[in-house]
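*Asks:* Here is my input, please return the structure:
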Amino acid sequence: MNIRRATADDAPKLARVHVDSWQVAYRGIVPDSHLERFTYQRREEAFRHALTANLEETYLIEDGDQAVGILTIGASRDTDLDASRTGEIWGIYITPTYWRQGVGTLLVYEAERILRSRHYKDVVLWVLADNKDARRFYEKMGFAVDGMSKLVELGQPLTAIRYKKSLIAASDLSTR
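*Replies:* Sure, this is the predicted structure:
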(Lines give C-alpha, C1' and ligand atoms only; values in the text may rest on other atoms or scores of the structure.)
Protein backbone atom coordinates (compact mmCIF):
# COMPACT_ATOMS: atom_id res chain seq x y z
CA MET A 1 0.00 0.00 0.00
CA ASN A 2 1.22 3.45 -0.89
CA ILE A 3 -0.12 6.77 0.44
CA ARG A 4 0.54 9.90 -1.57
CA ARG A 5 -0.80 13.43 -1.96
CA ALA A 6 -3.59 13.48 -4.51
CA THR A 7 -3.56 15.76 -7.54
CA ALA A 8 -6.38 17.00 -9.76
CA ASP A 9 -5.48 14.17 -12.18
CA ASP A 10 -6.57 11.71 -9.47
CA ALA A 11 -10.13 13.10 -9.45
CA PRO A 12 -11.66 10.04 -11.21
CA LYS A 13 -10.04 7.65 -8.70
CA LEU A 14 -11.04 9.80 -5.75
CA ALA A 15 -14.62 10.03 -7.01
CA ARG A 16 -14.91 6.27 -7.40
CA VAL A 17 -13.69 5.59 -3.84
CA HIS A 18 -15.85 8.37 -2.38
CA VAL A 19 -19.08 7.37 -4.13
CA ASP A 20 -18.61 3.62 -3.61
CA SER A 21 -17.93 4.19 0.09
CA TRP A 22 -20.92 6.49 0.56
CA GLN A 23 -23.30 4.13 -1.25
CA VAL A 24 -22.53 1.33 1.21
CA ALA A 25 -21.70 3.18 4.44
CA TYR A 26 -24.66 5.55 4.38
CA ARG A 27 -27.36 3.25 2.97
CA GLY A 28 -30.13 3.22 5.57
CA ILE A 29 -28.75 6.38 7.23
CA VAL A 30 -28.92 8.94 4.42
CA PRO A 31 -32.08 8.95 2.27
CA ASP A 32 -31.73 6.94 -0.95
CA SER A 33 -32.87 9.99 -2.93
CA HIS A 34 -29.82 11.88 -1.67
CA LEU A 35 -27.42 8.97 -2.30
CA GLU A 36 -28.70 8.71 -5.90
CA ARG A 37 -27.56 12.29 -6.54
CA PHE A 38 -24.07 11.43 -5.25
CA THR A 39 -22.57 10.46 -8.64
CA TYR A 40 -19.08 9.75 -9.96
CA GLN A 41 -19.32 12.70 -12.34
CA ARG A 42 -20.33 15.20 -9.66
CA ARG A 43 -17.69 13.99 -7.22
CA GLU A 44 -15.00 13.98 -9.92
CA GLU A 45 -15.82 17.60 -10.78
CA ALA A 46 -15.80 18.57 -7.10
CA PHE A 47 -12.44 16.88 -6.42
CA ARG A 48 -10.88 18.34 -9.57
CA HIS A 49 -12.01 21.85 -8.59
CA ALA A 50 -10.95 21.52 -4.93
CA LEU A 51 -7.52 20.14 -5.78
CA THR A 52 -6.86 22.58 -8.62
CA ALA A 53 -7.81 25.52 -6.39
CA ASN A 54 -5.93 24.07 -3.37
CA LEU A 55 -9.13 24.14 -1.30
CA GLU A 56 -8.34 20.87 0.43
CA GLU A 57 -5.46 18.57 1.23
CA THR A 58 -6.32 15.08 0.06
CA TYR A 59 -4.29 11.89 0.11
CA LEU A 60 -4.83 8.72 -1.87
CA ILE A 61 -3.94 5.22 -0.70
CA GLU A 62 -3.35 2.71 -3.47
CA ASP A 63 -2.91 -1.04 -3.59
CA GLY A 64 -0.76 -1.37 -6.68
CA ASP A 65 -2.50 0.88 -9.20
CA GLN A 66 -5.93 0.56 -7.56
CA ALA A 67 -7.20 3.46 -5.44
CA VAL A 68 -8.60 2.00 -2.22
CA GLY A 69 -8.94 4.95 0.15
CA ILE A 70 -8.87 8.71 0.53
CA LEU A 71 -8.01 11.02 3.39
CA THR A 72 -8.68 14.75 3.58
CA ILE A 73 -7.17 16.83 6.40
CA GLY A 74 -6.55 20.40 7.43
CA ALA A 75 -6.94 22.85 10.26
CA SER A 76 -10.11 22.51 12.28
CA ARG A 77 -13.02 24.32 10.64
CA ASP A 78 -14.91 24.62 13.94
CA THR A 79 -15.20 28.16 15.27
CA ASP A 80 -15.14 27.01 18.91
CA LEU A 81 -11.64 25.55 18.50
CA ASP A 82 -8.25 27.18 18.00
CA ALA A 83 -7.34 26.27 14.41
CA SER A 84 -3.64 26.83 15.16
CA ARG A 85 -3.81 24.10 17.81
CA THR A 86 -6.40 21.69 16.41
CA GLY A 87 -6.25 19.80 13.14
CA GLU A 88 -9.17 18.00 11.56
CA ILE A 89 -9.72 14.83 9.62
CA TRP A 90 -12.24 16.19 7.15
CA GLY A 91 -12.93 12.74 5.74
CA ILE A 92 -11.74 9.16 5.38
CA TYR A 93 -13.39 6.98 2.74
CA ILE A 94 -12.42 3.46 1.80
CA THR A 95 -13.53 1.20 -1.04
CA PRO A 96 -15.95 -1.24 0.63
CA THR A 97 -14.02 -4.33 -0.53
CA TYR A 98 -11.07 -3.02 1.54
CA TRP A 99 -13.02 -2.42 4.74
CA ARG A 100 -11.63 -4.13 7.86
CA GLN A 101 -8.26 -4.75 6.20
CA GLY A 102 -6.27 -2.03 7.97
CA VAL A 103 -6.65 0.72 5.36
CA GLY A 104 -8.59 3.01 7.71
CA THR A 105 -6.02 2.48 10.44
CA LEU A 106 -3.21 3.42 8.04
CA LEU A 107 -5.06 6.58 7.01
CA VAL A 108 -5.72 7.66 10.61
CA TYR A 109 -2.05 7.08 11.47
CA GLU A 110 -1.00 9.09 8.40
CA ALA A 111 -3.35 11.94 9.35
CA GLU A 112 -1.99 11.98 12.89
CA ARG A 113 1.62 11.91 11.63
CA ILE A 114 1.06 14.84 9.27
CA LEU A 115 -0.92 16.92 11.76
CA ARG A 116 1.60 16.24 14.54
CA SER A 117 4.43 17.35 12.21
CA ARG A 118 2.56 20.66 11.84
CA HIS A 119 2.50 21.06 15.62
CA TYR A 120 -1.21 20.50 16.11
CA LYS A 121 -1.96 19.34 19.65
CA ASP A 122 -5.37 17.78 18.97
CA VAL A 123 -7.31 16.32 16.07
CA VAL A 124 -11.08 16.32 15.61
CA LEU A 125 -13.49 14.71 13.17
CA TRP A 126 -17.25 14.55 12.65
CA VAL A 127 -19.28 11.35 12.33
CA LEU A 128 -22.98 10.87 11.69
CA ALA A 129 -24.50 9.72 14.97
CA ASP A 130 -26.19 6.77 13.26
CA ASN A 131 -22.97 5.56 11.59
CA LYS A 132 -22.25 2.95 14.28
CA ASP A 133 -19.43 1.23 12.35
CA ALA A 134 -17.47 4.47 11.92
CA ARG A 135 -18.05 5.44 15.54
CA ARG A 136 -16.72 2.09 16.77
CA PHE A 137 -13.70 2.40 14.50
CA TYR A 138 -12.76 5.90 15.69
CA GLU A 139 -13.29 4.94 19.33
CA LYS A 140 -10.96 1.97 18.79
CA MET A 141 -8.42 4.44 17.35
CA GLY A 142 -8.51 6.47 20.58
CA PHE A 143 -11.01 9.19 19.65
CA ALA A 144 -13.69 10.19 22.15
CA VAL A 145 -16.92 12.14 21.80
CA ASP A 146 -16.27 15.69 23.01
CA GLY A 147 -19.88 16.72 23.58
CA MET A 148 -20.39 18.79 20.42
CA SER A 149 -23.03 17.94 17.82
CA LYS A 150 -24.59 19.64 14.82
CA LEU A 151 -27.27 19.04 12.24
CA VAL A 152 -26.09 18.38 8.69
CA GLU A 153 -28.39 18.40 5.69
CA LEU A 154 -28.03 15.20 3.67
CA GLY A 155 -31.46 14.95 2.10
CA GLN A 156 -32.84 15.42 5.61
CA PRO A 157 -31.37 16.84 8.81
CA LEU A 158 -29.01 14.32 10.42
CA THR A 159 -27.04 14.64 13.63
CA ALA A 160 -23.25 14.59 13.43
CA ILE A 161 -21.14 14.28 16.56
CA ARG A 162 -17.59 15.48 17.05
CA TYR A 163 -14.79 13.23 18.19
CA LYS A 164 -11.46 14.48 19.52
CA LYS A 165 -8.06 12.97 20.23
CA SER A 166 -4.88 14.41 21.69
CA LEU A 167 -1.83 14.28 19.45
CA ILE A 168 0.49 14.79 22.41
CA ALA A 169 2.21 11.55 23.39
CA ALA A 170 1.94 10.58 27.06
CA SER A 171 5.74 10.91 27.37
CA ASP A 172 5.47 14.53 26.17
CA LEU A 173 3.01 15.48 28.92
CA SER A 174 5.67 15.30 31.62
CA THR A 175 7.74 17.96 29.82
CA ARG A 176 4.92 20.53 29.62
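
*Asks:* quick one: the residue nearest to the spatial centre of the chain and Asp32, what's the gap?
*Replies:* For the chain, the residue nearest the mean C-alpha position is Gly91 (1.6 Å; CA atoms, centre = their mean). Plainly put, Gly91 is 21 Å away from Asp32 if you go by CB to CB, to the nearest Å. Where C-beta positions appear, they are placed from N, C-alpha and C, glycine not excepted.

*Asks:* do Ser76 as well
*Replies:* Distance from Ser76 to Asp32, by CB to CB: 32 Å.

*Asks:* just Phe47 next, same as before
*Replies:* Distance, Phe47 to Asp32, by CB to CB: 23 Å.

*Asks:* out of the two, which sits in the more crowded spot?
*Replies:* Legend: neighbour count by other CB atoms under 10 Å for Phe47 and Asp32, higher for Phe47 (24 against 11).

*Asks:* Check the more buried one and give its pLDDT.
*Replies:* As predicted, Phe47 sits at a pLDDT of 95.

*Asks:* check contacts around it.
*Replies:* Phe47 makes contacts with 6, 8, 10-11, 14-15, 18, 58, as judged by CB atoms under 8 Å, 6 or more residues apart in numbering.

*Asks:* Pairing partners for the helix or strand hosting Val152, with directions?
*Replies:* For Val152, the host element (DSSP states H and E) is strand 144-153. In the sheet, strand 144-153 lines up against strand 157-166 (antiparallel) (DSSP bridges).

*Asks:* For the partner strand, which outside residues touch it?
*Replies:* 29-30, 78, 112, 121-130, 135, 138-139, 141-152.

*Asks:* Can you say which of the residues you listed are buried?
*Replies:* 30, 112, 122-128, 135, 138, 143 (16 or more other CB atoms under 10 Å).

*Asks:* possible to save the residues you listed as a markdown table with distance to Thr95 and pLDDT?
*Replies:* A markdown table is the format used below for the buried ones among the contacts of strand 157-166 (distance: CB to CB, whole Å; pLDDT from 0 to 100):
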| residue | distance to Thr95 | pLDDT |
| --- | --- | --- |
| Val30 | 18 | 96 |
| Glu112 | 22 | 97 |
| Asp122 | 29 | 97 |
| Val123 | 23 | 98 |
| Val124 | 25 | 98 |
| Leu125 | 20 | 98 |
| Trp126 | 21 | 98 |
| Val127 | 19 | 98 |
| Leu128 | 19 | 98 |
| Arg135 | 20 | 98 |
| Tyr138 | 19 | 98 |
| Phe143 | 22 | 98 |
